[in-house]
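[1] Just to be clear, the model below is a prediction. Sequence and coordinates:
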Amino acid sequence: MAVCWPSARIYSGCGKCCASFGPSQRLRTCRSPPPHPSRSYTLAIVRKNTVRFWLLVVLLGWLTHALGYLIHEYAHSFSAWTLGFKADPFALDYGHWTPANVAFLVDVDENVEYGPIFAAGKGYLAALIALNGVLIGNGVFYLISRRLYSFARQRRREILGLFAFFWCLMNVGNLLCYVPVRTFTTHADMATLERGLHISPWWVAAVLGIPFAIGIWHFFARLQPDAWRFLLPDRRIQQAALLVVTSFTVFVFPYGSSGMRGYGEVSRWMSTLSVCVLFPAVAILCWPRKTRRSEDGQLQQGAKAAGA
């Protein structure tokens with residue numbers, strides 16, 4: 001139950017001035033409490049400084065990319081451990097302390113040996129282990145990160161909301177990265193899935209591609225416009241810049257272009273399509289447009305300037 005504190009200000013939903021309460025009525029219930037300064041204005045302070053805001057974006061982008069990547073690899077590893085094909089689920093191959101590995105985790109691997117699993121005639125279990133990386137590590141965790149964003153949205157915790165937004169971004173990027181970009185290959189997760197189930201890559205593209213495409217559509221058509229209103233209200237330049245960043249991340253680097261090298265001709269063409277067609281198309285179709293609220297805000301600012 002919300003608490004209305006003594007104050008001369010009338011908060012929405014209360015309907016009465018708290019200052020009129022007597023000494024015995026210092027606390028009174030109402031529909032909405034006064035906003036907590038540390039929750040409502042933290043990101044607003046950061047937004048006033050463009051350099052500080054984009055440094056925060058870079059930091060959260062790096063952190064959530066690492067989070068999405070590691071959860072993906074741990075989903076493989078824990079699946080193998082659960083099925084009895086690995087002794088330690090935390091024993092990933094973490095690579096070396098190189099700049100590229102620190103920045104993008106390019107050397108980190110699940111450290112699961114699929115050869116003995118196939119040799120034991122358990123190809124379907126190898127397929128399950130390979131599938132769980134993207135299905136659980138990114139698909140299920142997209143739903144979890146989306147829920148975290150809704151939690152932050154409801155409680156006006158903007159920094160947490162920005163973190164959850166970028167975590168959603170990294171998860172949908174991984175969905176595209178595996179299906180369809182790296183579905184038609186001779187190695188890696190989707191090839192292991194196809195080998196273990198003895199199915200065509202077209203089955204993977206159809207069965208996984210449809211829900212994955214819906215997830216990507218949901219991010220750009222639903223989540224991102226809501227994040228603009230929540231995190232960057234009435235800031236069309238920053239909204240447009242954020243759109244360029246998110247669409248570039250998903251459709252160019254590091255996800256959309258992942259099939260350019262080492263995954264065969266089909267994956268290379270898939271990546272070319274993602275970079276040259278999907279990236280500009282999504283940026284144009286999702287470009288932020290003026291809303292009634294932003295127009296009213298500009299009129300109010302103009303009226304204030306005229307009055308001054």
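    Looks like it came in fine.
[2] Map the structural domains onto the sequence of the protein.
    By the assignment in automatic domain parsing, the chain contains the domains 1-34, 40-290.
[3] Nearest residue to Gly209 in space, ignoring adjacent ones along the chain?
    With sequence-adjacent residues excluded and distances taken as CB to CB, 6 or more residues apart in numbering, Gly209 is closest to Val179, at 5.1 Å. The way it works is simple: take the backbone N, C-alpha and C, and place the C-beta from them, glycine included.
[4] The one you found in helix, strand or coil?
    helix (DSSP: H, G, I helix; E, B strand; the rest coil).
[5] quick one, what contacts it?
    The contact partners of Val179, taken as CB atoms under 8 Å, 6 or more residues apart in numbering, are 134, 190, 204-205, 208-209, 212.
[6] Relative to Tyr149, how far out is it?
    23 Å (CB to CB, to the nearest Å).
[7] May I ask which of the contacts of Val179 has the most neighbours?
    Within these, Met190 tops the neighbour count with 27 neighbours, counted by other CB atoms under 10 Å.
[8] Strands of the stretch 51-200 of the chain, residue ranges please.
    For the stretch 51-200 of the chain, no strands are identified by DSSP state E, counting those that start in this stretch.
[9] scratch that, the stretch 201-308 of the chain is what I was asking about
    Under DSSP E, counting those that start in this stretch, the stretch 201-308 of the chain gives no strands.
[10] what residue ranges in it score low on pLDDT?
    291-308 (pLDDT under 70).
[11] May I have the phi/psi pair for the residue nearest to Trp81 when sequence neighbours are not counted?
    Distance criterion CB to CB, 6+ apart; nearest residue to Trp81, sequence neighbours excluded, is Pro89 at 3.8 Å. Dihedral pair for Pro89: phi -70, psi -20, per degrees, to the nearest 10.
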